[in-house]
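*Asks:* have a look at this prediction, sequence included:
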Protein chains: 2
Amino acid sequence: MAVMARSDQRPVTVHMIAEHVGVSASAVSTVLADRHEERRLAPATVEKIRKAVRDLGYVPNVAARRLRAHDPEVHHIELGILTSFEAPLFLVSRVLRQVQRMADARTGPGRNFSVSIAMFHAGRLREMAGLLNASRFNGVVITNTLPEDDAFLATTTLPYAVVVLGRRLPNYCCVLDTPGESGRRAAEILLGRGCRRPVVLTPALLTQSTAERAEAFCTTVRAQTGTEPARVVAEGFTPTHGADALRAHLGAGRGCDGLYAVTDGLALGAYQAIKDAGRTIPKDIAVVGVGDHEHADFFDPPLTCVGPSNETIVEQIVTQLFDLMNRRRVKPRETFVPPSVAMRASA
Amino acid sequence: MAVMARSDQRPVTVHMIAEHVGVSASAVSTVLADRHEERRLAPATVEKIRKAVRDLGYVPNVAARRLRAHDPEVHHIELGILTSFEAPLFLVSRVLRQVQRMADARTGPGRNFSVSIAMFHAGRLREMAGLLNASRFNGVVITNTLPEDDAFLATTTLPYAVVVLGRRLPNYCCVLDTPGESGRRAAEILLGRGCRRPVVLTPALLTQSTAERAEAFCTTVRAQTGTEPARVVAEGFTPTHGADALRAHLGAGRGCDGLYAVTDGLALGAYQAIKDAGRTIPKDIAVVGVGDHEHADFFDPPLTCVGPSNETIVEQIVTQLFDLMNRRRVKPRETFVPPSVAMRASA
DNA sequence: GCTTGAAACTAAATCGATTTAGTAATTTTG
DNA sequence: CAAAATTACTAAATCGATTTAGTTTCAAGC
């Protein structure tokens, strides 16, 4: 009769299977590795063991296997990119590729890297298994955290190489873009081409970055023209939300001859609303985005972007991560990366 | 004097540090965990150990830590999504999110899942550490493989739960879209709106999917009209490549009133070429894509797509993965997911 | 002078799986 | 019929780090 594994029981081990069947752990291990032929276990025993494995719902402990299986001559180093489950993988995948490249360059006969992306639920980074006891990674890049996560990180110095992307935490190495600078440059671009009624398009829920961009944009416009730019608030951050919000603004007849969208998703939606309203980009309305979309270059017309220089950011992150792992530098420090400007047809 | 770690030496262990300093491994471990205060090690000893740790370039063995650190009451299950380094993460991230959702639903006090993305270099899946000896994952989804990888997989049945996405391998559970079906439907859509000179846009380097799409498209057109559609071949698969290729075709005055792009990246480029040539979509040239781009919906005009139904595919993958892990079904099987059609303004 | 306490450590068990070296029982071979 | 070979297993070591339960040495207290 099948004894079903219950989730509230101790995990089933090889030893437990062995006891259940009445053989030694070695016999069970042999069957699990499908080496019963060469080690000539009796077919009947093999069947009994197989049945027990199934009935008890055995799931191997990979940590134990790994410890045993690895070649003691090679150094196995685990790197992780930790990002929130809810965030997009665009920048993350660039970081991963760059980390992998650097890891590959340092990989040799005695040294082996594994790089992986692990996700946590926004605000619940602290629950990630193995984070605190350093039993999962030798080094990590952490990004897309929420304030709860930052608070957790601020109170616990993780005892291994950590680089934080996009947040300022005094006890870690942080790499940051400069959204304020981006907002300022965006304003200068729009004002420079003669816009009189600039508008800033933001999602309702602002992140630290989007808030700073919008803020600096408004400050700069106010400083140069004496008037506050209009703020159009989208419900969310998808193109649909952006389109709806701007449509409402334009539909109400409120002026707009220049638009700064604090994310490209919103810019994409804005394009639609502008075209639907019969206006042209950039003649009637110039648009500036931030360059967080893979194909900003292929918007119609191509989107002018002022935003984080991902190339530089990724480079910084990865250099610092490897420096930390080599203990070449231990003191936490903040690195600010200035925005890059890509002038294209939209402004 | 600092003894530098050399990469061709054995990895440094806690034990080696202990010997080097002349203390026990416990003392070293205590210092590594920063618990020397409560265990009252002499400050001088702590310093000596710290120095040795730095000088020898110690890197902890995470597998060993994990084995020791984990709570024996909880089951820790590792799931991986293995994808080629070179491939985009669009579908992969959807798989990850869905796996995470199912894992979360099954997570309880005695059961804990970690889901991560691990990358291999295209064609070198076999070199991935821990793949063969099952020491890294309890279950994996493998995707974006090259023929070399498939050949490797075909000859070695991995001894744990594996679902392969997008490839047919007789010894594994495979979930497949039906690119041939997509190509056929794309042809029907274009012919259905009266196109007389359909064109198919492909990259020079065809994958199995893109080849099948193009092939079925051509076959269907030939069957219904008696003539072969023109094939426009782009150098690569980026929008730029697509734009260049189509520009050349249109520039040469060769006819085109309907376009099937076998990837959305190419379609995006095609849009540009079509507009540059002063033609309109869909009036002059109707365009059908495959829906592998995040924002096909926000192309201008929105792109009509016939392609894999990602929702269904991801659902299938994840159900099968969990079934395999629960040993509810062990026999490999192929699951074909028919394409979904999203009629939008471009065709 | 003997106990008590603290300081500064160490030995050995432990985590779970694998593998090597071996053993006992039976069968084959010269 | 004894020696060799085969069958069908098991005991114990191992992987690397952590932790518990000591042990030793020295100083202070009565």
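*Replies:* Yep, it's here. Numbers count the residues shown, from 1 in each chain, chains lettered A, B, ... in the order given.
*Asks:* rest of the way, CA atoms for contacts and neighbours
*Replies:* OK.
*Asks:* low-confidence ranges in the stretch 151-300 of chain A?
*Replies:* Applying pLDDT under 70 to the stretch 151-300 of chain A flags no residue at all.
*Asks:* what are the boundaries of the helices in it?
*Replies:* A:179-192, A:208-225, A:239-251, A:264-276 (DSSP state H, counting those that start in this stretch).
*Asks:* out of these, nearest to B:N138?
*Replies:* B:N138 lies closest to helix A:264-276 among the helices of the stretch 151-300 of chain A, at 36.9 Å (Cα to Cα).
*Asks:* show me what the closest one is packed against.
*Replies:* The contact analysis (3 or more Cα pairs under 8 Å, 6 or more residues apart in numbering or on different chains; DSSP states H and E) places helix A:264-276 against strand A:198-203, helix A:239-251, strand A:286-289.
*Asks:* what's A:N171 in contact with, if anything?
*Replies:* A:N171 makes contact with A:A154, A:T157, A:P332 under the criterion Cα atoms under 8 Å, 6 or more residues apart in numbering or on different chains.
*Asks:* sorry, that was for A:V233
*Replies:* With Cα under 8 Å, 6+ apart, A:V233 has these contacts: A:L201, A:T202, A:P203, A:A204, A:A245.
*Asks:* are any of those buried, and which?
*Replies:* Neighbour-count burial (16 or more other Cα atoms under 10 Å in any protein chain shown) applied to the contacts of A:V233 gives A:L201, A:T202, A:P203, A:A245.
*Asks:* follow-up on the earlier one: can you say which of the helices of the stretch 151-300 of chain A is nearest to B:V31?
*Replies:* Using Cα to Cα, the nearest of those to B:V31 is helix A:208-225, at 37.7 Å.
*Asks:* of the buried ones among the contacts of A:V233, which is the nearest to A:A267?
*Replies:* Nearest member of those to A:A267, counting by Cα to Cα, is A:L201, at 8.1 Å.
*Asks:* ok, the residue in the stretch 151-300 of chain A that DNA strand C sits nearest to to DNA strand D distance?
*Replies:* Closest residue of the stretch 151-300 of chain A to DNA strand C, Cα to the nearest atom of the strand: A:P159 (19.8 Å). Note on A:P159: its distance to DNA strand D, by Cα to the nearest atom of the strand, to the nearest Å, is 10 Å.
*Asks:* just the helices from the stretch 1-150 of chain A, written as ranges.
*Replies:* Along the stretch 1-150 of chain A, counting by DSSP H, counting those that start in this stretch, helices occupy A:14-21, A:25-32, A:43-56, A:62-69, A:90-106, A:147-155.
*Asks:* in JSON lines: these, plus distance to DNA strand C and mean neighbour count.
*Replies:* JSON lines is the format used below for the helices of the stretch 1-150 of chain A (distance: least, Cα to the nearest atom of the strand, whole Å; neighbours: other Cα atoms under 10 Å in any protein chain shown):
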{"stretch": "helix A:14-21", "distance to DNA strand C": "4", "mean neighbour count": "18"}
{"stretch": "helix A:25-32", "distance to DNA strand C": "4", "mean neighbour count": "18"}
{"stretch": "helix A:43-56", "distance to DNA strand C": "11", "mean neighbour count": "17"}
{"stretch": "helix A:62-69", "distance to DNA strand C": "4", "mean neighbour count": "19"}
{"stretch": "helix A:90-106", "distance to DNA strand C": "27", "mean neighbour count": "17"}
{"stretch": "helix A:147-155", "distance to DNA strand C": "27", "mean neighbour count": "15"}
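*Asks:* nearest to DNA strand D, out of these?
*Replies:* That would be helix A:62-69 among those, by Cα to the nearest atom of the strand, at 3.5 Å.
*Asks:* got the angle between the closest one and helix B:62-69?
*Replies:* Going by axes from the mean of the first three to the mean of the last three Cα atoms, to 10 degrees, helix A:62-69 is angled at 130 degrees with respect to helix B:62-69.
*Asks:* next one: helix A:62-69, is it in contact with DNA strand D?
*Replies:* Yes: if you take Cα under 7 Å from any atom of the strand as the test, helix A:62-69 does meet DNA strand D, through A:A64, A:L67, A:R68.
*Asks:* does that helix reach chain B?
*Replies:* Yes: for helix A:62-69 and chain B, the contact criterion (Cα under 8 Å from any Cα of the partner chain) is met by A:V62, A:A63, A:A64, A:R65, A:R66, A:L67, A:A69.
*Asks:* just checking, the first one touches B:F137?
*Replies:* Yes: contact between A:V62 and B:F137 holds when scored by Cα atoms under 8 Å: they sit 6.6 Å apart.
*Asks:* hmm, back to that, pipe the helices of the stretch 151-300 of chain A into CSV and attach distance to DNA strand D per row.
*Replies:* Converted to CSV, those look like this (distance: least, Cα to the nearest atom of the strand, whole Å):
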stretch, distance to DNA strand D
helix A:179-192, 39
helix A:208-225, 36
helix A:239-251, 47
helix A:264-276, 44
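*Asks:* compile those into a markdown table and extend it with columns for distance to A:A27.
*Replies:* Formatted as a markdown table, the helices of the stretch 151-300 of chain A follow (distance: least, Cα to Cα, whole Å):
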| stretch | distance to A:A27 |
| --- | --- |
| helix A:179-192 | 61 |
| helix A:208-225 | 58 |
| helix A:239-251 | 59 |
| helix A:264-276 | 58 |
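*Asks:* A:E311 is nearest to which of the ones you listed?
*Replies:* Short answer: helix A:179-192, nearest of the helices of the stretch 151-300 of chain A by Cα to Cα, at 15.9 Å.
*Asks:* re the thing from before, check contacts around the residue of the stretch 151-300 of chain A closest to DNA strand C.
*Replies:* A:L132, A:A134, B:A33.
*Asks:* highest neighbour count among the residues you listed?
*Replies:* Top of the contacts of A:P159 by neighbour number is A:A134, holding 20 neighbours under the definition other Cα atoms under 10 Å in any protein chain shown.
*Asks:* quick check: it touching A:Y160?
*Replies:* Yes: counting by Cα under 8 Å, A:A134 touches A:Y160, with 7.0 Å between them.
*Asks:* from the contacts of A:P159, which land in strands?
*Replies:* Using DSSP state E to define strands, no part of the contacts of A:P159 is located there.
*Asks:* sticking with the spatially closest residue to A:V330 that is not a sequence neighbour, tell me its helix or strand.
*Replies:* By the measure of Cα to Cα, 6 or more residues apart in numbering or on different chains, the closest residue to A:V330 outside its immediate chain neighbours is A:L324, 6.1 Å from it. Under the criterion of DSSP states H and E, A:L324 resides in helix A:310-325.
*Asks:* restrict that helix to CA atoms and write it as PDB.
*Replies:* Provided in PDB are the C-alpha atoms of helix A:310-325 (Å, rounded to 0.1, in the frame of the first residue of the first chain):
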ATOM      1  CA  ASN A 310      23.100  51.100 -18.800                       C
ATOM      2  CA  GLU A 311      26.400  50.200 -20.400                       C
ATOM      3  CA  THR A 312      28.300  52.200 -17.700                       C
ATOM      4  CA  ILE A 313      26.100  51.100 -14.900                       C
ATOM      5  CA  VAL A 314      26.400  47.400 -15.700                       C
ATOM      6  CA  GLU A 315      30.200  47.800 -16.000                       C
ATOM      7  CA  GLN A 316      30.400  49.500 -12.600                       C
ATOM      8  CA  ILE A 317      28.300  46.900 -10.900                       C
ATOM      9  CA  VAL A 318      30.300  44.000 -12.200                       C
ATOM     10  CA  THR A 319      33.700  45.500 -11.600                       C
ATOM     11  CA  GLN A 320      32.700  46.300  -8.000                       C
ATOM     12  CA  LEU A 321      31.200  42.800  -7.400                       C
ATOM     13  CA  PHE A 322      34.500  41.100  -8.500                       C
ATOM     14  CA  ASP A 323      36.500  43.600  -6.500                       C
ATOM     15  CA  LEU A 324      34.500  42.800  -3.400                       C
ATOM     16  CA  MET A 325      34.900  39.100  -3.900                       C
END
